[in-house]
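Student: Sharing a model prediction with you, sequence too.
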Amino acid sequence: METECTHLDQIQEVAPSADGCEDCLKIGDDWFHLRLCETCGHVGCCDSSKNKHAFKHFRRTKHPIIKSFQPGEEWGWCYIDEVMFESL
Ligand SMILES: [Zn+2]
Ligand SMILES: [Zn+2]
Ligand SMILES: [Zn+2]
């Protein structure tokens, strides 16, 4: 894989924590797109959603890598290196 990311060892076999953004579900809010934390399986909403829970999850936990949780999308992203992966 062509990457400048040094966090690939933090990718785990994860099971999604919820079918939607778990933090939005708690507060009864909605989201635009979903992101899956590749370290712990947290499902959060994307940066185009008003609550940006995936990014907040990174800031809280330092889990660096997320993957799109949209059907048919395989790309990923490292928040620390700001590197995009075509498929994870
Ligand atoms: Zn990285
Ligand atoms: Zn959310
Ligand atoms: Zn996580």
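Tutor: Now that the structure is in, tell me what you want to look at. Residues are numbered from 1 along each chain as shown. Ligands and ions are numbered 1, 2, ... in the order given.
Student: Contacts only, for the residue most central in space within the chain.
Tutor: For the chain, the residue nearest the mean C-alpha position is residue 66 (3.1 Å; CA atoms, centre = their mean). Residue 66 sits next to 35-38, 44, 54, 58, 76-77, 79 when contact means CB atoms under 8 Å, 6 or more residues apart in numbering. The way it works is simple: take the backbone N, C-alpha and C, and place the C-beta from them, glycine included.
Student: For it, what are phi and psi?
Tutor: Reported as degrees, to the nearest 10, the phi and psi values for residue 66 are phi -120, psi 160.
Student: Residue 74: what secondary structure?
Tutor: Using DSSP: H, G, I helix; E, B strand; the rest coil, the structure places residue 74 in coil.
Student: residues near it, how many?
Tutor: Neighbour count of residue 74, defined by other CB atoms under 10 Å: 11.
Student: Quick check: it touching residue 84?
Tutor: No - with contacts counted by CB atoms under 8 Å, residue 74 stays clear of residue 84, the gap being 11.4 Å.
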